[in-house]
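Participant: I'd like to go over a predicted model; first the sequence, then the structure.
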Amino acid sequence: MVPPAIQTPGETAARAFLRQHGHRSLVSLGCGPELNRIDNHLRLLVALNLTYYVGIDCVSHITSEGPHLFIDHEKMAAMLRGYYQGDPLKFRKSIKVFPNTWVEELAGLHGAVVVCQRVYPDCRWEEIILSLSPKLVLQEDLHGCERQQLRGRGYVRTWIKVRQYGLEPFRPWPVFPGERNLILWRRQDFGGEEVQNSRWRALWRLGEKFIG
């Protein structure tokens, strides 16, 4: 039984929760009024063995009951059955949503993984993301949206982990074949063993320096 987060006077519910559980949480910034297309988010949650899926938005209500929660319902149901020992409905209990919450309110807390999905133009959240110190930052559904730039700030873009975690793009731009419509950032001190142990590590490091 997980004890409830203790909220101090003047502290929002989101801050109280992440202060206690952020190290076990995937945090979706600006998730919108309906959680949707979270297949890649779930892949990261399972891969990093996290406990909570946290949705943050300034809207008045957030639902996780819509029909578009997943793109591939069958594949995600199978993943959840494996993760929750045959009871995929346990995932519903792991979802924590915090409407009426501005992303800026989270500064200085922690989140194991941060997701920015379809961010409105001019939403610059780099400082907030950096203050959360996540191991991974996923940006997806990028066309016409604001991209957060973490290069040179302790994070590098990683293609290896996109493949390692099986992340699958949706709505890629057909003009450029192979364009993935997502960016995955890795904190430089997290999980770089596959590069360090590779015979091609010099090339990978070069790519991280000039492209990441």
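Facilitator: Right, received. Where do you want to start? Residues are numbered from 1 along each chain as shown.

Participant: does the residue positioned nearest the centre of the chain count as helix, strand or coil?
Facilitator: Geometric centre of the chain, nearest residue: residue 115, 2.8 Å, by CA atoms, centre = their mean. Secondary structure for residue 115, judged by DSSP: H, G, I helix; E, B strand; the rest coil, is strand.

Participant: mind checking how far it is from residue 137?
Facilitator: 8 Å (CB to CB, to the nearest Å). All C-beta atoms are positioned from the backbone trio N, CA, C, and that covers glycine.

Participant: now residue 18
Facilitator: For residue 18, the distance to residue 137 equals 16 Å [CB to CB].

Participant: again, but for residue 25
Facilitator: 14 Å.

Participant: Need the overlap of contacts for these two.
Facilitator: residue 113 (CB atoms under 8 Å, 6 or more residues apart in numbering).

Participant: confidence score at residue 141?
Facilitator: We have a pLDDT of 87 for residue 141.

Participant: and it, backbone torsions?
Facilitator: Main-chain dihedrals, residue 141, degrees, to the nearest 10: phi 60, psi 60.

Participant: Correct me if wrong: it contacts residue 183.
Facilitator: No. Counting by CB atoms under 8 Å, residue 141 does not reach residue 183; the two are 10.9 Å apart.

Participant: Please compare the two by neighbour count and tell me which comes out ahead.
Facilitator: More neighbours surround residue 183 than the other of residue 141 and residue 183, with 20 against 17 (other CB atoms under 10 Å).

Participant: packing partners for the strand or helix carrying the more buried one?
Facilitator: Using DSSP states H and E, residue 183 maps to strand 182-187. When contacts are defined as 3 or more CB pairs under 8 Å, 6 or more residues apart in numbering; DSSP states H and E, strand 182-187 sits against strand 136-140, strand 155-157, helix 160-164.

Participant: Quickly compare the ones you listed and say which is most buried.
Facilitator: Greatest average neighbour count among the helices and strands packed on strand 182-187 goes to strand 136-140 (a mean of 24), per mean count of other CB atoms under 10 Å.

Participant: contact partners of it?
Facilitator: 40-41, 44, 48, 112-119, 129, 147-148, 150, 155, 161, 167, 169-170, 181-187, 190.

Participant: Check stretch 87-96 too.
Facilitator: By CB under 8 Å, 6+ apart, stretch 87-96 touches 17, 25, 35, 42, 51-55, 64, 77, 80-81, 83-84.
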